[in-house]
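**Student:** give me coordinates for this.
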Amino acid sequence: MSTILGASEGSARKRVAVLGLGEAGSIYAADLAGRGAAVTATDPMAAATPPGVTRTGSIAGAVRGAGLVLSLVGGRAAEAALEEALPAMEPAAIFADLNTAGPADKQRFAQRAEQHGIGFVDVAILAPVPRARIATPLLISGAGSDALLPVLAGWGIPATSAGRDAGAAAGLKLLRSVFMKGLAATVLESVTAARAVGAEDWIIGQIASELGPSGPALVARILESTPVHAARREAEMSDVRSYLETLGASHPITDGTIQWLHSLVPGNAS
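**Tutor:** Numbers count the residues shown, from 1 in each chain. Down below sits the predicted model:
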């Protein structure tokens, strides 16, 4: 993929555009720049520009000349970002959508990219990015996945292919979220109740011991991050419910998790 390598096949500085400089986007932009990529980025809402990153005022300006575009704008803005990026992208470039969305959405995005001659990759991020930064494991699918895998490997980014069908990675991530977000709901509900009788530390110890060697760190992350990201996770679980309904699967745990996350969003508590 000469377009990913940059101006020439032998270029050592890969050219990447990052759309969205929120928590995850700013980490990917900074770490890729630190590993030798020439990174352009755009985000009208972000105040800071990561070190080594060239900031542009528009999506078109960011993607122009890039062989790889990473979209981290959030699920609700993903389609608009794609539509703005496609006309300005280089032929044979890759558009990697790292936003959480349903399989049907990712399939629709892939069709739009194909109409522009752009390889689309559905990317599922499988852990909180701040924990391992660019080494966070990814699951990818779509027509551009075979070309993207070696590029990611070259940066030390662990990625596994779920096939050439866009939406496959997204669907598997949503199924994983049933457990992960449901687990968070169970932990927080248990700890909150235990606090009322002065048994918070005891309950945390009991839960952590059941989760194995990484249990204490996992429980601490759940307790710290869940209230902060409740709104985003509520939206994700709504996507999960929609996906489960397409599968004809029951979803009482997901329903309860959505209701619980909704109650954690400021202004929604009863």
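
**Student:** pull out the buried positions in stretch 238-247.
**Tutor:** Under the neighbour-count criterion of 16 or more other C-beta atoms under 10 Å, stretch 238-247 has 238-244 buried. The way it works is simple: take the backbone N, C-alpha and C, and place the C-beta from them, glycine included.

**Student:** stretch 218-231 now?
**Tutor:** Neighbour count says stretch 218-231 has 218-219, 221-223, 226, 229-230 buried, by 16+ other C-beta under 10 Å.

**Student:** likewise stretch 34-50?
**Tutor:** 34, 37-43, 46, 49-50.

**Student:** burial count for residue 79?
**Tutor:** Residue 79: 18 surrounding residues under other C-beta atoms under 10 Å.

**Student:** helix, strand or coil for it?
**Tutor:** helix (DSSP: H, G, I helix; E, B strand; the rest coil).

**Student:** quick one: the strands in the stretch 1-150 of the chain, in order.
**Tutor:** 15-19, 38-42, 53-55, 68-71, 94-97, 119-125, 138-141 (DSSP state E, counting those that start in this stretch).

**Student:** who wins for proximity to residue 156 among the ones you listed?
**Tutor:** The minimum distance between residue 156 and these falls on strand 138-141, with 11.9 Å, by C-beta to C-beta.

**Student:** other SSEs contacting that closest one?
**Tutor:** strand 119-125, helix 145-154, strand 159-161, helix 168-195 (3 or more C-beta pairs under 8 Å, 6 or more residues apart in numbering; DSSP states H and E).

**Student:** returning to that earlier point: least confident of the buried residues of stretch 34-50?
**Tutor:** Across the buried residues of stretch 34-50, the bottom pLDDT score, 92, is held by residue 46.

**Student:** give me the number of residues near the residue nearest to it when sequence neighbours are not counted?
**Tutor:** Using C-beta to C-beta, 6 or more residues apart in numbering and skipping residues adjacent in sequence, the residue nearest residue 46 is residue 21, 3.7 Å away. Residue 21 has 26 neighbouring residues, counting by other C-beta under 10 Å.

**Student:** now the nearest residue to residue 202 once chain neighbours are set aside: how far from residue 221?
**Tutor:** In this structure, residue 202 finds its nearest non-sequential neighbour in residue 194, 7.0 Å apart by C-beta to C-beta, 6+ apart. Note on residue 194: its distance to residue 221, by C-beta to C-beta, to the nearest Å, is 18 Å.

**Student:** and if you look at residue 185?
**Tutor:** Separation of residue 185 from residue 221 (C-beta to C-beta): 14 Å.

**Student:** and residue 84, by the same measure?
**Tutor:** 34 Å.

**Student:** what of residue 39?
**Tutor:** 28 Å.
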